[in-house]
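**Q** Model the following, please.
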Amino acid sequence: MYKTSFRAILASGVILASTTLIFAHGDVKPQPVDTAGLPETGEEWLIENPYRVDAVGEEVWARAIEIGASGYNQNCARCHGLEGVSGGLAPDLRFLEAEEYGDEWYAERFRTGYTQNGTTKMPAFGDLLGQDAAWAIRTYIETRPDDVAMEEVADELKVLRDQLAGYAADTSGADPDALKAQLDEIAGGIETLSGAPVADSVAYRAAKLIDGTPAAYKSAAETLTIGLSATQ
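**A** Modelled structure (predicted):
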């Protein structure tokens, strides 16, 4: 599947072409982000995301996504869009490559903000939110699943969602290992737009919830329901 890189989008000038479409960030007061549970990154700013799954393991990675989601929704979604899906006023950060170039660009913009013709279109978040919050938000953004890939597996997930909802009421006949394997297989085929190796998709989340109990089946079914509604 062909994916346009963030570098190509920047080069095209599409996202920066109009001075009439401002980011509307100048009058927004940054909200603090609670980064408890994350390894501290120190005072000197890094040039590479330290919270990727291959560097910190799945548990810390998942915590970074959780914290990053909160920080993004409070401070970034107004301009960059819910779930990172930009409406065109600001760059679609899902395309920002999960590699050195993307990390350096992100860290610099997060730290110093962006001003054009004397107008603040993005405030400098570095001193206000700190580096731990910055990389947690980065982790959340880069693990957003490809929405086209999600649409392609929506029907499969709906079937599984209905099965899980049924098992929440009656676990007889349920095979939790088989259900987890099905969800894991689907999740493994869902890519990110950034090139990050693992997408934080609802299939991935639902698989992690299943433990054979009715409550877990219910939670997994609800997770799929919420995620599928977002693809409509």
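**Q** and Lys121, that's in a strand?
**A** Yes. Residue state for Lys121 (DSSP: H, G, I helix; E, B strand; the rest coil) corresponds to a strand.
**Q** my guess is it meets Pro91, correct?
**A** No. The pair Lys121 / Pro91 is not scored as a contact, 10.8 Å apart, by CB atoms under 8 Å. (Each C-beta comes from the backbone N, C-alpha and C, glycine too.)
**Q** More neighbours: these two, which one.
**A** The neighbour count for Lys121 versus Pro91, taken as other CB atoms under 10 Å, is higher for Pro91 (24 against 20).
**Q** Just confirm the more buried one is within a helix.
**A** No. Pro91: not assigned to a helix; according to three-state DSSP it is coil.
**Q** was I right about it contacting Gly84?
**A** No. Between Pro91 and Gly84 there is no contact under CB under 8 Å: 9.9 Å.
**Q** Tell me how many other residues surround Asp146.
**A** 18.
**Q** How much space separates it from Gly212?
**A** Going from Asp146 to Gly212 by CB to CB, to the nearest Å gives 31 Å.
**Q** cool, and Ser219?
**A** 12 Å.
**Q** So for those two, which sits in the more crowded spot?
**A** Ser219 (18 against 14).
**Q** Name the nearest residue to the more buried one, sequence neighbours excluded.
**A** Excluding the flanking residues, the one nearest Ser219 by CB to CB, 6 or more residues apart in numbering is Leu209, at 4.9 Å.
**Q** for the one you found, what are its contacts?
**A** Contact analysis of Leu209 by CB atoms under 8 Å, 6 or more residues apart in numbering lists 216, 219-220, 223.
**Q** Which strand residues bridge the nearest residue to Arg109 once chain neighbours are set aside?
**A** Spatially, and ignoring its direct neighbours in sequence, Arg109 is nearest to Met122 (6.9 Å; CB to CB, 6+ apart). Following DSSP bridges, Met122 is listed with bridge partners Tyr114.
**Q** Just the pLDDT for Met122.
**A** With respect to pLDDT, Met122 scores 90.
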